[in-house]
Each structure stands twice: as structure tokens, then as C-alpha cells.
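Visitor: Turn this into a structure:
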Amino acid sequence: MNTELKEAIEMLEKEKGISKATLLDSIEQSLMQACKNNYGKNDNINVRIDPDTCDYSVTAEKEVVEDDEHIVDPSLQVTVEDAQKDNPGAKAGDIITVDINSKAFGRIATQNAKNVILQRIREEERNVVYNQYNGKVRDIVSGVVQRMQGKTYCINLGKADALLNENEQVKTEHFQPTERIKVYVLDVKKSPKGPKILVSRTHPELVRKLFEEEVSEVRDGTVEIKGISREAGSRTKMAVWSNNPDVDPVGACVGVNGSRVGAVVNELRGEKIDIIAWDENPAVLIENALSPAKVISVGADPDERAALVVVPDYQLSLAIGKEGQNARLAARLTGYKIDIKSETQARESGDFDQMYEDDFNEYGEGFTGNEGEESYGANELIDDEEETATDVSGMQDSEGEI
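Guide: Predicted coordinates for the structure are as follows:
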């Protein structure tokens, strides 16, 4: 048994994650290359390695000729006299197998064989890393910030480095070397220097994957995340639905005292997260999506994918949000073009009275009316006196606007 070779292969298999079959194949290829360098060709060479004992043999098939005068190519032919030393019955015209002493190869041939093995190991190591991270595309991984190259962060993921390009960075986030962060894997590409891994901190799916890690009900499918709209670094709206009537989807994602959503907010460096209940009725969904603003009525047209929302006068700025963010995120989440009017504006234009006159005749399921009532979003509480909105996690306050 070739004990040293066997131990070396087992160690490489364990440390590099390269299969034993691949390593044995690379050794076979290196020996074939050494034969070619030593004899000028290897067409008649056979290399066999026992996978259990790692014993190997190198043989060549040669034609038997009468004498030295008939030899045209020594690497392909052998005389009857030489052939009969190992094969007593050999005669001219026979094809015999001759053992080759690989230890007799020259220094250059040996060095080339070594280089072939090392090159193959490096290639396989890169393939192992590529396959490992290619399986994590559209998933999140944890890494350590190494350095910054220009405006790109280089993040060590363990066996490979990932690149967080400027357009995938949150503008408000700045990382220091040795800082550990979680990133969303966008793509993995092969390159001569190893896999090129592209990651993101702005992708909406990063939020989904973080909740899958933190919330067991999301992970096992009990609670389903129906939609996410995000402005990275500022605010995210997420609609959730429960497949179990006994499980509150919003409460499951929020956690006790906001612990679950708080963990996600901390990972996103303070980004605000609104969690709302998904509803098949588009009007109800739009009302929930505009939380924390109170809504008087919603008229939604499923065919036109458009909705008219009426809110109390003092809630108009809250419903629209700072620079239109709340309305914009709600529109992205629901897929509806949302027109928001105050109660006064709606009455002056006649839209408010028209909505109630048409009611179900015009809007069908896409209509809700709360005139004379106070409506609260699924995950927000409104302080009527201070007009202050506080999200479910209790992590942030905003006065008058979002």
C-alpha cells in the first residue's frame, strides 16, 4: 500500500473539500504528462491507481519486432530479445505491456508532473468554492468587512471574498474593517482567480431572508410574506398572511416586545419596518398599506389598478409621508396607483359623495367606508393628541409625517 500518497490524498480531501476521485484523476493526468515529456508521446501509455490502496502502475503497450534494426520508435516498439525477459512467449508482431519506471523520469518531467497536480488542485478548489456559493444565490450569508477598494467593500465570507459594489450599498451605511454584516447574494461568476461573488445590502429580498432567520413561523411556511416594498436605509413595508387562523401573522413577525422585528431593524442599521396584514380585498390592503395614517374610505378599481383614498384633513401629510414615501411604498406594495385626497378636497371635488353613491355598484369588493369612524392601520398606533406614529417595534417616532 502506498501509505504516504493515501494519507496525503485523505488530508487534501478533508481540508480542501476535493473528492478523492478528482485527486486520483489529477495524479493520473500528471503521470501521463510526465510520460509525454519524457518520451515525446503518451498515446500508448496507461496509468492505473487503486482507489483503496493508492498503489499505482504506469505501463506502455509496445509492438514486438525482430531486432534493433527494425525499431523505428523506441517508445512504441521493443525487440524480441527484450520482450522475452518479462514475456517468455513473446514473438515478432505481438503487442505486449511493458512496465515503466516513473521514478526514472528526469527532473524536468517530474517538476512538470508536480505542476500539473498543483494546478488541478487549485482548479478543483476554486470549483468547490464556486459550487458552495453558487448554491447560496438568492440567499443571505454572513461575512466580515475586510477593506474598501475604491467605493467597493471587500467582504470575507470564509472561503471566498465577496464584492459589495457602490450601487448595492445603502447610502447611510458605513462599515469598518472587522465588522460583521449580512448580505444578499446576487450572483456568483467564475473567473481565473476564483469565484467572483456579488452581494447586496439594498435588495428587498434581504429583508425577507432576515425575517426567515428570525421568525420560525415564516421559516416553516405558517406565515407567508406576500410582498415587500423597500427604500433601503429609510423604510420598508411588508405584507404578511397566515396560513393558520390561530396564528397572527403581524404579531408573529413583531415578536414579544418587538424582539423579532427589532433584531431585523438592528441588522439593517435602524431602517424602519412597517408590517401590515395582507388582504385579498384590494381596498382593505391599501388601507393597511397606508398605515399609520387613518383612512376614511378607499375606492379601488381592480381593472385599472387604481385607487382613490380619502383621509381626514389632519392625516393627509401622514398618509402621503415625507417626500411622498409612505404613499410611494404603499403603491409598490399593493401594485395600485393610489390617489390620496383629504376629506375636504374629496367633498369639494365631489369624489367623496360619488364614492358612497356608487358604493359596491362601481367598486365591488374594492371599497371600504369608515365615515364617522376612526380607522387604525394593522401595525400602527396613533396618538390623537400628539399625532405621533409609532411602529409595531416601538423603535421609532415621527411627528406629523413619515
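Visitor: For beta bridges, what are the partners of G143?
Guide: I181 (DSSP bridges).
Visitor: From R107, how far off is it?
Guide: According to C-beta to C-beta, to the nearest Å, G143 stands 44 Å off from R107. All C-beta spots, glycine's among them, are computed from the backbone N, C-alpha and C.
Visitor: what's the answer for E287, then?
Guide: 82 Å.
Visitor: Tell me which of those two has more neighbours.
Guide: Between E287 and R107, E287 has the larger neighbour count (other C-beta atoms under 10 Å), namely 30 against 7.
Visitor: Please state the backbone phi and psi of that one?
Guide: Backbone torsions for E287, taken as degrees, to the nearest 10, come to phi -60, psi -50.
Visitor: now it, nearest residue through space, not along the chain?
Guide: Spatial nearest neighbour of E287, chain neighbours left out: V295 (4.6 Å); criterion: C-beta to C-beta, 6 or more residues apart in numbering.
Visitor: Just confirm that neighbour contacts A319, I think it does.
Guide: Yes: the pair formed by V295 and A319 meets the contact definition of C-beta atoms under 8 Å, at 7.4 Å.
Visitor: Next, show the common contact partners of the two.
Guide: Residues touching both V295 and A319 by C-beta atoms under 8 Å, 6 or more residues apart in numbering: V309, V311.
Visitor: Contact partners for S234?
Guide: Contact analysis of S234 by C-beta under 8 Å, 6+ apart lists T172, E271, K272, Q325.
Visitor: so which one among those has the lowest pLDDT?
Guide: Ranked by pLDDT, the contacts of S234 bottom out at T172, which has 93.
Visitor: quick one: that one from K151, how far?
Guide: 15 Å.
Visitor: same question, E28
Guide: Separation of E28 from K151 (C-beta to C-beta) stands at 47 Å.
Visitor: Kindly report the same for C54.
Guide: C54 is 50 Å from K151, by C-beta to C-beta.
Visitor: which stretches of the stretch 51-200 of the chain have low pLDDT?
Guide: 103-106, 108-109 (pLDDT under 70).
Visitor: Please produce CSV containing the contacts of S234, extended by distance to I95 and neighbour count.
Guide: Listed next are the contacts of S234 as CSV, based on distance: C-beta to C-beta, whole Å; neighbours: other C-beta atoms under 10 Å:
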residue, distance to I95, neighbour count
T172, 76, 11
E271, 75, 22
K272, 80, 19
Q325, 82, 17
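Visitor: Show me this protein divided up by domain.
Guide: Per automatic domain parsing, the structural domains of the chain span 3-132, 136-201, 205-399.
Visitor: Tell me which of those domains sits most buried.
Guide: Of all the domains of the chain, domain 205-399 has the most neighbours on average by mean count of other C-beta atoms under 10 Å, namely a mean of 19.
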